[in-house]
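# sequence plus the predicted model coming up.
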Amino acid sequence: MNSAAILASSSGGASAGDLLITFIPLAGILVFFYLFIIRPQRKQDKKDAKMRNELEIGDEVVTNGGIVGIVFSVKDDTVVIETGGDRSKIRVMKWAIAKNLTVHDE
């Protein structure tokens, strides 16, 4: 072999097989994150948004801060809830409603 052939064979970059072996674990990690973290979170977000959009007057709700009350009025992005024995009213953002405790017939 001449010296040009030796230099060409020894100084070549990574082959396609080496690149494939390098990126397979990265692709596996991305698939794992999508299947076990991103997709379930999106599903839960849709479920929570549906719950907030279906709030009705008289529903018993819990806010993210732990305040329990009954829905007094519902507007586009806010909800007025009635809390406590003295029937005080608090206006909260819809996104702050964590749970609807009222069971509705479907």
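Noted; the coordinates are in hand.
# tell me the pLDDT at the residue nearest the centre of the chain?
Residue closest to the average C-alpha location in the chain (Cα atoms, centre = their mean): Gln41, at 3.3 Å. pLDDT for Gln41: 97.
# ok, it to Lys47 distance?
Distance from Gln41 to Lys47, counting by Cβ to Cβ, to the nearest Å: 11 Å. Where C-beta positions appear, they are placed from N, C-alpha and C, glycine not excepted.
# please apply the same query to Asn100.
Asn100 is 11 Å from Lys47, where distance means Cβ to Cβ.
# quick one, which of these two is more surrounded?
The neighbour count for Asn100 versus Lys47, taken as other Cβ atoms under 10 Å, is higher for Asn100 (18 against 10).
# so the more buried one touches Thr63, yeah?
No - using Cβ atoms under 8 Å, Asn100 is not in contact with Thr63; the gap is 11.2 Å.
# following element in sequence after the least confident helix or strand in the chain by mean pLDDT, please.
Each helix and strand of the chain was given a mean pLDDT (mean pLDDT, DSSP states H and E); the minimum falls on helix 3-10 at a mean of 49. Using DSSP states H and E, the helix or strand that follows helix 3-10 in sequence is helix 16-33.
# and the contacts of whichever helix or strand comes after that following helix?
Later in the chain than helix 16-33, the nearest helix or strand by DSSP H and E is helix 39-53. Helix 39-53 is contacted from outside by 94-95, 97, 99-100, using Cβ atoms under 8 Å, 6 or more residues apart in numbering.
# so what strands line up beside whatever helix or strand comes next after helix 39-53?
Later in the chain than helix 39-53, the nearest helix or strand by DSSP H and E is strand 60-63. With DSSP bridges as the test, strand 60-63 is paired with strand 68-74 (antiparallel), strand 97-100 (antiparallel).
# alpha carbons of the longest one, as CSV, please.
Listed in CSV are the C-alpha atoms of strand 68-74, where the atom choice follows Å, rounded to 0.1, in the frame of the first residue of the first chain:
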residue,chain,number,x,y,z
VAL,A,68,-63.0,25.0,49.7
GLY,A,69,-66.2,26.7,48.6
ILE,A,70,-69.3,26.7,46.5
VAL,A,71,-69.4,28.2,43.0
PHE,A,72,-71.5,31.4,43.1
SER,A,73,-70.9,32.7,39.6
VAL,A,74,-68.8,31.7,36.6
